[in-house]
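S.K.: Quick one, fold the following:
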Amino acid sequence: MDKRPFDIDVALERIEDAVRPWPKAALFQLAEEGGFSSTFEQLLACIISIRTHDEVTLPVSRTLFARARTPSAVMALSWEELDALISPSTFHERKANQILAIARQVHERFGDTLPGERDVLLSFAGVGPKCANLVLGVAHGTPVISVDIHVHRVTNRWGYVQASTPEKTLAVLESTLPQEHWIDINRLLVPFGKHICTGTKPRCSRCPMLDMCRQVGVTEHR
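M.R.: Purely as a prediction, here's the structure:
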């Protein structure tokens with residue numbers, strides 16, 4: 001098949017339509033459906049989501065926020081109570097320690113309102129650029145790019161980016177992707193990467209991007 005020139009505006013417009021039947025990425029879904037959009041809530045949801053599928057992250061986050069949505073409320077929980085609330089998530093014991101530590105630090109430094117500042121988020125142990133950027137984008141609309149495995153895989157498969165790691169993909173996207181798409185690239189490519197442009201045997205036959213995608217590295221598809 002002859003490929004048309006790649007157009008990121010057209011690509012994301014098509015993907016917006018394609019992913020409509022599926023749930024949004026977890027943090028976006030939480031902010032939209034439950035109003036869990038504070039910096040602190042989004043940060044806790046992001047920690048819960050690490051190495052955990054969205055199908056688990058969403059109910060676990062809802063369960064936690066039904067009990068505690070602020071640093072002081074989290075601090076009122078014992079480690080055992082918190083661990084039980086988030087136990088379906090991967091590495092929940094470690095995450096319980098991390099969440100309690102962050103709640104205490106936030107309360108000591110800022111009271112019950114965690115500011116939406118990247119340097120502040122990165123000052124917490126275990127919070128990296130991907131999580132910080134995602135929280136800032138969802139909670140504050142800050143123009144930042146969050147690159148997870150889906151964003152990394154899909155943009156490289158398209159041929160839009162040529163980078164060996166998510167960190168390098170982030171650097172390339174920051175220099176090439178129009179800023180108006182910085183938040184949406186994660187919002188759209190997470191469900192797109194989960195349901196259509198999958199890691200193995202992507203569903204190229206039903207992909208709205210087939211006429212533009214270079215299918216880099218694709219050896220088998222559906």
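S.K.: how far out from the middle of the chain is the lowest-mean-pLDDT helix or strand in the chain?
M.R.: Least confident helix or strand of the chain, by mean pLDDT, DSSP states H and E, is helix 26-34 with a mean of 92. Its chain's average C-alpha position is 11 Å from that of helix 26-34, according to C-alpha atoms, centre = their mean, to the nearest Å.
S.K.: Specify the residue ranges that define each domain of this protein.
M.R.: Here the domain parsing of the chain from automatic domain parsing is 8-19+145-206, 26-140.
S.K.: and Asp2, which of these is closest to it?
M.R.: Of all the domains of the chain, domain 8-19+145-206 sits nearest to Asp2, with 14.3 Å by C-beta to C-beta. C-beta coordinates here come from the backbone N, C-alpha and C atoms, glycine included.
S.K.: Excluding covalently adjacent residues, which one is nearest to Ala171?
M.R.: Distance criterion C-beta to C-beta, 6 or more residues apart in numbering; nearest residue to Ala171, sequence neighbours excluded, is Ala163 at 7.4 Å.
S.K.: Same check on Glu16?
M.R.: Leaving aside its sequence neighbours, Glu16 sits nearest to Leu188 (C-beta to C-beta, 6+ apart; 6.2 Å).
S.K.: buried sites along the helix or strand containing that neighbour?
M.R.: Counting by DSSP states H and E, the secondary-structure element that holds Leu188 is helix 184-195. By 16 or more other C-beta atoms under 10 Å, the buried positions in helix 184-195 come out as 184-194.
S.K.: again, but for stretch 115-127
M.R.: By 16+ other C-beta under 10 Å, the buried positions in stretch 115-127 come out as 116, 120-121, 124, 127.
S.K.: Report all helices and strands that the least confident helix or strand of the chain contacts.
M.R.: Packing partners of helix 26-34 (3 or more C-beta pairs under 8 Å, 6 or more residues apart in numbering; DSSP states H and E): helix 39-49, helix 54-67, helix 129-140.
S.K.: Nearest to Arg67, out of the buried residues of stretch 115-127: which one, please.
M.R.: For these, the nearest to Arg67 is Phe124 (21.0 Å; C-beta to C-beta).
S.K.: Good, wrapping up.
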